[in-house]
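Participant: this is the structure alone, sequence omitted:
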């Protein structure tokens, strides 16, 4: 199966009705976990799971989101063996979801101010854009393997044979990337906004 990607730009708050619709579609465990977050931190993860559900419906015709469990390092996956792997990421104002038949990692970050010392120490970068390009590469690679970010941070290893990394062009002001062992390049990125998600 090829790798398919979905991204959404969240340019406004969710309406109460939109929030109700999205919450009702989540499996109970996901819903309970999400509702423990402060209201202002619910939009991005809620939309990430909504986009995951939308992607699964478009790709496979699934009407419901299967039960999700977390690996030992916190990587989400489907509890039952469906033959489908997913990964999702969210940052203020945007979400990214990837589907494949083998493990993959995706990350998206809003480019924002970072101190020069931090940029130099962590990524030997001179600009915020370069810093976040490095950061999403670290995150996507560690998420693909299901490891914590500390396993690669500060001393990123070169890509081992068989691992591929792709920078993604999502939205202006964001850096995004995909890590995979698939030899197939990702298909086109499906882009959404809050106004065309529902």
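Facilitator: Great, that's in hand. Just so it is clear, the structure is predicted and the values come from calculations on it, not from any experiment.

Participant: so the nearest residue to residue 43 once chain neighbours are set aside is in which element?
Facilitator: Computed as Cβ to Cβ, 6 or more residues apart in numbering, the closest residue to residue 43 that is not its neighbour in sequence is residue 14, at 5.4 Å. For glycine as for every other residue, the C-beta is placed from the backbone atoms N, C-alpha and C. In the assignment (DSSP states H and E), residue 14 maps to no helix and no strand.

Participant: which SS class is the residue of the chain positioned farthest from its centre?
Facilitator: Computed with Cα atoms, centre = their mean, the maximum C-alpha offset from the centroid of the chain is found at residue 117, amounting to 27.2 Å. At residue 117 the chain is in helix, as set by DSSP: H, G, I helix; E, B strand; the rest coil.

Participant: residue 167 now?
Facilitator: Three-state assignment for residue 167 (three-state DSSP): strand.

Participant: what about the residue farthest from the centre of the chain, distance to residue 123?
Facilitator: Distance, residue 117 to residue 123, by Cβ to Cβ, to the nearest Å: 12 Å.

Participant: picking up where we left off before, the residue nearest to residue 43 and residue 22 touch, don't they?
Facilitator: Yes - Residue 14 lies in contact with residue 22 (Cβ atoms under 8 Å); the separation is 7.4 Å.

Participant: got a pLDDT number for residue 1?
Facilitator: Residue 1 carries a pLDDT score of 61 in this model.

Participant: could you do residue 131 as well?
Facilitator: Residue-level confidence at residue 131 comes out at 95, pLDDT.

Participant: and the strand or helix carrying it, what does it pack against?
Facilitator: Here residue 131 sits within helix 128-145, counting by DSSP H and E. If contacts are counted by 3 or more Cβ pairs under 8 Å, 6 or more residues apart in numbering; DSSP states H and E, helix 128-145 sits against strand 85-91, strand 104-110, helix 116-123, strand 164-168, strand 174-180.

Participant: and the angle for that helix with strand 104-110?
Facilitator: Orientation of helix 128-145 against strand 104-110 (axes from the mean of the first three to the mean of the last three Cα atoms, to 10 degrees) gives an angle of 150 degrees.

Participant: flag every buried residue along helix 128-145.
Facilitator: Neighbour-count burial for helix 128-145, counted by 16 or more other Cβ atoms under 10 Å, picks out 128, 131-145.

Participant: appreciated, that's everything.
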